[in-house]
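# Just to be clear, the model below is a prediction. Sequence and coordinates:
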Amino acid sequence: ETGVTQSPTHLIKTRGQQVTLRCSSQSGHNTVSWYQQALGQGPQFIFQYYREEENGRGNFPPRFSGLQFPNYSSELNVNALELDDSALYLCASSRDSGANVLTFGAGSRLTVL
Amino acid sequence: KNEVEQSPQNLTAQEGEFITINCSYSVGISALHWLQQHPGGGIVSLFMLSSGKKKHGRLIATINIQEKHSSLHITASHPRDSAVYICAVLLKTGANNLFFGTGTRLTVIP
């Protein structure tokens, strides 16, 4: 049973650029949730995808968007990057949308210069 | 005000000590998670609780729904327990997302 894999692990972008982060969910899981963790803070919920549809969204602007594919892997896209977008982006998969049993990926650390 | 408050923010202990980390929340929840985050970012789910108590090895988690409070205990602490411990709650109503505390940074000294 494979866990959650995120890529890339680290990346550096400049202000105004766009970034795509990827997450492969654990086998048997159909729900992926994305979180942003700024340095020294707890993670903040960005959005959740359940069976390829957005199933809840946190307080993030529309330039944060996502996709979930038929194999339940997911992408997080951020347009028009800002310095404050620098953070660790975590994804977590679960068997359903209730988030009762979560498996987290190791995260993608984004630095915006 | 954060929906989830943890204490202490930082904790240093000698190897072998008994450790308690506390989590209080202000909203109705359907479940509470204790998570462990090591340097570099990876998060491991330790427990998911909706009532009572759970034990896994040297780790014990308890929750009091009436008092809106949970504790994570580590017995016979070891340097490898050094990590950030995060409490996260799943709300009873609303979107199926977790609200996280800011974490407790634990350092266990040999």
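Nice, I can see it.

# wait, residue A:56 sits on residue A:34?
No. Shown here, residue A:56 and residue A:34 do not form a contact pair, counting by Cβ atoms under 8 Å, at 10.8 Å. All C-beta spots, glycine's among them, are computed from the backbone N, C-alpha and C.

# who touches the lowest-mean-pLDDT helix or strand in chain A?
Across the helices and strands of chain A, mean confidence by mean pLDDT, DSSP states H and E is lowest for strand A:102-104: a mean of 87. Strand A:102-104 is contacted from outside by A:3-4, A:26, A:29, A:33, A:90-94, B:33, B:35, B:42-45, B:48, B:98, using Cβ atoms under 8 Å, 6 or more residues apart in numbering or on different chains.

# Next: stretch A:60-67.
A:34, A:36, A:44, A:46-47, A:49, A:54, A:74-80.

# Next up, the contacts around residue B:14.
B:77, B:108-109.

# For those residues, pick the one with the most neighbours.
Using other Cβ atoms under 10 Å in any protein chain shown as the neighbour test, the contacts of residue B:14 are led by residue B:77, with 22 neighbours.

# Report the spatially closest residue to that residue, excluding sequence-adjacent ones.
Leaving aside its chain neighbours, residue B:77 sits nearest to residue B:108 (4.7 Å; criterion: Cβ to Cβ, 6 or more residues apart in numbering or on different chains).

# That neighbour is in contact with residue B:76, isn't it?
No. Assessed by Cβ under 8 Å, residue B:108 is found out of contact with residue B:76, at 10.3 Å.

# Return the members of the contacts of stretch A:60-67 classed as buried.
A:34, A:36, A:44, A:46-47, A:49, A:74-76, A:78 (16 or more other Cβ atoms under 10 Å in any protein chain shown).

# All set, thanks.
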